[in-house]
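Engineer: With the input below, show me the fold.
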Amino acid sequence: MKIFKNTRLQGVFERRFSPEGNFMLSASWVLSGLLAFLIPLIYRTIHKKKYEQEYMKYFWEKEYEYQEEMRQQGYEKYGNNYNYGGAYMYQDNYMNREYWDVNNCRWWQMNCFPYYVNQDGEPMPDQGWYPTWYSGWTVTEEEREQMELGREQPGSLKFVYVWQLLTFFVLLWYGVRVIRQNRNVTGLLIALFVWANFAFMSMWLMADNSIQIDGDGVFRSGFYGQLSVLIFLSNFWYMLHAFIFLIVLGMRQCMIQEEVDRVKKERETVHHQIAEAERENYQAPGSSTSYS
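Structural biologist: Okay, here's the model as predicted:
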């Protein structure tokens, strides 16, 4: 793919950045990206498995008690909805439901704050205070406790990890196209700079109370059992990958610009010499007449 209108500039560029060199650079780009994805995943998996083995070795009785507690809670929550014949008795219709919203919020009322009470006017315990537009993003304290008992990871963190991974693969694909086709890397440099800052900010967000260092959840699953730790480690390697290729591709862009400036300077010098020679050889009309 030609990026210069001048054929001489294009020839110099192609000699300096050969297809073999571009292949090696793109292969290094892909390999570095795969390592940035695999290293934190493998590292976290190894340490998570080690902790689980040590935990079950010494605290298997306590883990058995946790599992029994979860089964009992599940029976109390769902078991009473079944009658002795096996039919499911679901009584959450409008007339028989236990709680209802006194503010009668609807989905299109974005700034409405729902407030649930029972038939006696008593508020629903542990209910949050948030507008309707945020209702799909909430996690109650009870749900957090249930996830800790079941050693489950929040769905929001799963989404963040998968979405970042897909975005990173798109960036890798774009970089391969730019390098293999000898295209201008300015756009890729901007994308890498933005991605590095995004990864750095994500690390701070994970460190801000998403990564737990105490409590029963950490005791049972271990520090590396938290998905937020994997996100933190992955973003560190994403940022490292971006910084490395910001330097490499930045140097490559400088080399390209140096070649362009050198060839242009040589061409201007040649044109200047030709103009000087033509001026020296130029004779005005009548200047060749000799006087005695």
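Engineer: can you map out the strands along the stretch 101-250 of the chain?
Structural biologist: 116-117 (DSSP state E, counting those that start in this stretch).
Engineer: which stretches of it aren't confidently modelled?
Structural biologist: Applying pLDDT under 70 to the stretch 101-250 of the chain flags the ranges 136-137, 139-143, 145-146, 148-151.
Engineer: again, only this time at 80
Structural biologist: Applying pLDDT under 80 to the stretch 101-250 of the chain flags the ranges 101-110, 112-113, 115, 119-153, 209, 214-220.
Engineer: Going by residue numbers, what spans are helices in it?
Structural biologist: 141-149, 155-180, 186-207, 216-221, 227-281 (DSSP state H, counting those that start in this stretch).
Engineer: Of the ones you listed, which is nearest residue 44?
Structural biologist: Proximity to residue 44 (Cβ to Cβ) singles out helix 227-281 among the helices of the stretch 101-250 of the chain, at 4.8 Å. In this view, the C-beta of every residue, glycine as well, is placed from N, C-alpha and C.
Engineer: Spit out the contact partners of the nearest residue to residue 235 once chain neighbours are set aside.
Structural biologist: Using Cβ to Cβ, 6 or more residues apart in numbering and skipping the chain neighbours, the partner closest in space to residue 235 is residue 199 (4.1 Å). By Cβ atoms under 8 Å, 6 or more residues apart in numbering, residue 199 lies in contact with 235, 236, 238, 239, 242.
Engineer: Residue 199 and residue 193: what is the separation?
Structural biologist: Using Cβ to Cβ, to the nearest Å, one obtains 11 Å as the distance from residue 199 to residue 193.
Engineer: Could you do residue 155 as well?
Structural biologist: From residue 155 to residue 193 the distance is 31 Å (Cβ to Cβ).
Engineer: Could you check which of the two is surrounded by more residues?
Structural biologist: For residue 155 versus residue 193, neighbours defined as other Cβ atoms under 10 Å are more numerous around residue 193 (13 against 10).
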